[in-house]
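S.K.: here's a sequence, model it:
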Amino acid sequence: MVQVQVQAPLSPAPSGAPVPAVTEPLWKIRWRLLVRGFRQNWEVFRESRIGLIGLGIILFFGLFGAAWPIMMHFVDPNIYNPITGFDPMSMPHPSPPSLRHWLGTDPIGRDILGQLMYSTHREFLIGVLAALITVVIGTLIGTVAGYYGGFTDTFFMRLADIMILFPFIPLLIVVGSFIRMGMFEFAWISGVLGGFGGITIVLKSQALSIKVRSYIDAAKVAGGSDFHIIRAHIIPNVMPLSFLYMMFNVTGTILGEATLSYFGILNIDMSWGMMIHTADSAGYLISFDQYWWLWLPAGLAITLFCAAFYMVGRGLDEVVNPRLRKR
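M.R.: The predicted structure follows:
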């Protein structure tokens, strides 16, 4: 284990006697610095009302989705299962909200509330997985392009320009017409396409500003390799901005999934977009004011969920960008 020497505040030693030192593991020092940095950033973040509201909405959806398997222990799965269950009493038309079905039933007789709760954890999984893939790819490409420059920079920046040129959702629709995408396939494809897009330009600019700092020159003089400098100095300083863009990427992924599910392109058994697609396929969206429970809960969930991650991103923007902090 790596050990460092830390001078401890002791009582004055006799004249000429050596001052005792306390050895402390390096990981403890790093952990203490990490906790202190988290507390400082949290103090800045909680000053943003919009960020706290977004965080509260995300926590609500987290509890809402986690309550679904608990609820299934107390209800009849033949009726309330969001995929295979149906209520014969609500057929042949969707029933409005009642004590038996708090948010009503869909055209097949399935419980809307169960579908909404079941789809929540899937939206979390799709959004976060795609955003993580985007951030990992964008961070690696952006830092490498910014550090090396030259042909590497030119190649990846022109590739990013091409990705920005094509609208994201229409591009996913085209890809979905060739590949039958499930939940994980959509998350991977969405993450990869996003990782080679505009995020690389932003992170490359951040890497360029870090590359010219004095401690990078000191690391080179000390014999640090390019891999060490990128891993130990550039990427850690780019990560706060990467995490900020991760929040915004979740919003884009959820909207993309809802759009493709509405058009019936994704091979997903249940999601918020699929709930609206089911109502549209049965012809009930024409009378959207009469059968409002078929589209309003899912549409409101999509709107609030995407808005929550955007608001958290706005709050994190004040943490990442010191110029936006309140004085």
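S.K.: helix, strand or coil for the nearest residue to residue 127 once chain neighbours are set aside?
M.R.: Take residue 127 and drop its neighbours on the chain: the residue closest to it by Cβ to Cβ, 6 or more residues apart in numbering is residue 250, 4.0 Å away. Quick note: C-beta positions are derived from backbone N, CA and C, even for glycine. Put simply, residue 250 is helix when judged by DSSP: H, G, I helix; E, B strand; the rest coil.
S.K.: pretty sure residue 283 sits in a helix.
M.R.: No: looking at residue 283 with three-state DSSP, it is coil, so not inside a helix.
S.K.: tell me how many other residues crowd it.
M.R.: Using other Cβ atoms under 10 Å, residue 283 is surrounded by 10 other residues.
S.K.: pop out the phi and psi values for it.
M.R.: Here is the backbone geometry of residue 283 (degrees, to the nearest 10): phi 80, psi 20.
S.K.: what does residue 99 give?
M.R.: phi -70, psi -30.
S.K.: just the pLDDT for it.
M.R.: You'll see residue 99 listed with a pLDDT of 90.
S.K.: next, find the distance separating it from residue 84.
M.R.: Residue 99 sits 23 Å away from residue 84, going by Cβ to Cβ, to the nearest Å.
S.K.: give me the more crowded residue out of these two.
M.R.: residue 84 (9 against 5).
S.K.: in what helix or strand does the more buried one lie?
M.R.: If you go by DSSP states H and E, residue 84 is not part of any helix or strand.
S.K.: report the contact partners of it.
M.R.: residue 77 (Cβ atoms under 8 Å, 6 or more residues apart in numbering).
S.K.: so where's the stretch 151-300 of the chain shaky on pLDDT?
M.R.: Across the stretch 151-300 of the chain, not a single residue meets the criterion (pLDDT under 70).
S.K.: what ranges do the helices span in it?
M.R.: Ranges of helices in the stretch 151-300 of the chain, per DSSP state H, counting those that start in this stretch, are 168-178, 183-195, 198-211, 214-221, 226-229, 235-262, 272-281, 296-320.
S.K.: the residue nearest to residue 127: neighbouring residues, count only.
M.R.: Residue 250, neighbours per other Cβ under 10 Å, totals 28.
S.K.: and residue 294, by the same measure?
M.R.: Neighbour number of residue 294 under other Cβ under 10 Å is 27.
S.K.: do the same with the one 10 residues further on
M.R.: As a burial measure, residue 304 scores 14 neighbours (other Cβ under 10 Å).
S.K.: residue 79 against residue 91, yeah?
M.R.: No: the pair residue 79 / residue 91 is not scored as a contact, 11.8 Å apart, by Cβ atoms under 8 Å.
S.K.: what sits closest to residue 91 if chain neighbours are left out?
M.R.: Here the residue nearest residue 91, using Cβ to Cβ, 6+ apart, is residue 109, at 5.0 Å.
S.K.: isn't that neighbour right up against residue 82?
M.R.: No: between residue 109 and residue 82 there is no contact under Cβ under 8 Å: 11.7 Å.
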